[in-house]
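Student: Okay, predicted coordinates and the sequence, questions at the end:
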Amino acid sequence: MRILVTGASGQLGCELRHCLETMQAEIGPIPEEYRDAAVVYTDTPDLDITNGDAVDEAVRLGRYDLVINCAAMTNVDGCEANESMARLVNAIGAWNLARATKENGIPLVHVSTDYVFPGNEPGERAESDPVSPLSAYGRSKLEGEKLVANANNRHFIVRTAWLYGYVGKNFVKTMMRLGESHDEVTVVDDQLGNPTSANDLAYEILKLALTHDYGVYHCTNEGTCSWADFAEAIMVGAGLDCKVVRCTSEEYKQAHPESADRPHFSSLKNQHLEQAIGNEMRSWQDALQSYFDQREERNSDV
């Protein structure tokens, strides 16, 4: 099997590499179909997905059996400040990959986000629920979803949320850094979602990609919490004596007027995943504990 992974230096790309090289995820073993797979891991500047000609050439010459697109502009506030760049990467870049994979008969896994939902109703969002993003990030990712779906019918669009891993920047690492240097941190408590391990997501993506059940999927760790709940769990897990002070989204916006609007309720339900391959995603608490148990060993591997 020949596989192309774009955005390979990000936290999900790094977990895909770890899973494929060790044939093991924290949830369980990687399917045997991937043993001895020839995997090409790319990122800018190796392959700029916003360059259509470069994408066409790379996909055509690579003779891949599968392409997994992890490349994205994910800084939500950064996207708000530069929506044209967010659209170029998250929408046009995804479309370039979808076109090229369609032309070469290759299935495409494209990673998307809970931020495509407005989050104005409580409860979990199913794949079929109405989308209406609040932010530039969400708008660019939703456009990417639509372009991928229209360009290549052999697509897996996998929405995830609140992702963290052992490599790169994420909320867990930010809270740990602040917890080591501050007595207290202020965190929003009225935005609810699913903290998700990049290792768990990588495992499910690799299982899903072996099927022909194309479509839109939600894939997050189980259970819903607020950012403040998540922050408190991080402080406990990291053994940090740092108090989490809760605030509202309105209070945060007043303090940071340049920040993007975020959905209040963006918890996802892994409904299609359960139907297609079974939902093995752990609770967010179990996944976070596993992260703390293994972070020293994993960080030494980086």
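Tutor: Looks like it arrived, so ask away.
Student: Where does the prediction get shaky in this protein?
Tutor: Residue ranges of the chain with pLDDT under 70: 300-302.
Student: again, only using 80
Tutor: 299-302 (pLDDT under 80).
Student: what about the helices in it?
Tutor: 11-22, 52-62, 76-81, 83-87, 94-103, 136-151, 171-181, 198-208, 227-237, 249-255, 271-276, 284-301 (DSSP state H).
Student: buried set for the second one?
Tutor: Within helix 52-62, the residues scored as buried using 16 or more other Cβ atoms under 10 Å are 52, 55-56, 58-59, 62. For glycine as for every other residue, the C-beta is placed from the backbone atoms N, C-alpha and C.
Student: Contacts only, for M1.
Tutor: 33-34, 37-38, 65-66 (Cβ atoms under 8 Å, 6 or more residues apart in numbering).
Student: quick one: which of the residues you listed has the most company?
Tutor: L66 (22 neighbours; other Cβ atoms under 10 Å).
Student: The nearest residue in space to that one that is not next to it in sequence and C79, how far apart?
Tutor: Among residues not flanking L66 along the chain, I3 sits closest, at 4.8 Å (Cβ to Cβ, 6 or more residues apart in numbering). Per Cβ to Cβ, to the nearest Å, I3 is found 28 Å from C79.
Student: the more surrounded of those two?
Tutor: C79 (26 against 22).
Student: rewinding a little: between the helices of the chain, which gets nearest to A126?
Tutor: helix 271-276 (5.1 Å; Cβ to Cβ).
Student: who does the closest one touch, helix- and strand-wise?
Tutor: helix 198-208, strand 215-218 (3 or more Cβ pairs under 8 Å, 6 or more residues apart in numbering; DSSP states H and E).
Student: buried set for the first one?
Tutor: It stands for helix 198-208. So for helix 198-208, counting by 16+ other Cβ under 10 Å, buried means 198-208.
Student: Same check on stretch 82-90?
Tutor: 83, 86-87, 89-90.
Student: Check what contacts it and list those residues.
Tutor: For stretch 82-90, contacts defined as Cβ under 8 Å, 6+ apart pick out 49-50, 71-73, 78-79, 136-137, 139-141, 143-144.
Student: how near is the nearest residue to R262 once chain neighbours are set aside to H256?
Tutor: The shortest distance from R262 to any non-neighbouring residue, by Cβ to Cβ, 6+ apart, is to Q191 (5.6 Å). To H256, Q191 is 14 Å away according to Cβ to Cβ.
Student: Just want to know which of the two has more residues nearby.
Tutor: The residue with more neighbours, out of Q191 and H256, is Q191; 20 against 10, by other Cβ under 10 Å.
Student: N279: how many residues sit nearby?
Tutor: 16.
Student: I'd say it and N270 touch.
Tutor: Yes - the criterion here is Cβ atoms under 8 Å, and N279 meets it with N270 at 4.7 Å.
Student: if I look at those two, which residues touch both of them?
Tutor: Common neighbours of N279 and N270, counting by Cβ under 8 Å, 6+ apart, are E222.
Student: Is it possible to get TSV of the helices of the chain that adds distance to G123?
Tutor: Listed next are the helices of the chain as TSV, based on distance: least, Cβ to Cβ, whole Å:
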stretch	distance to G123
helix 11-22	26
helix 52-62	38
helix 76-81	22
helix 83-87	28
helix 94-103	28
helix 136-151	19
helix 171-181	23
helix 198-208	22
helix 227-237	17
helix 249-255	18
helix 271-276	13
helix 284-301	17
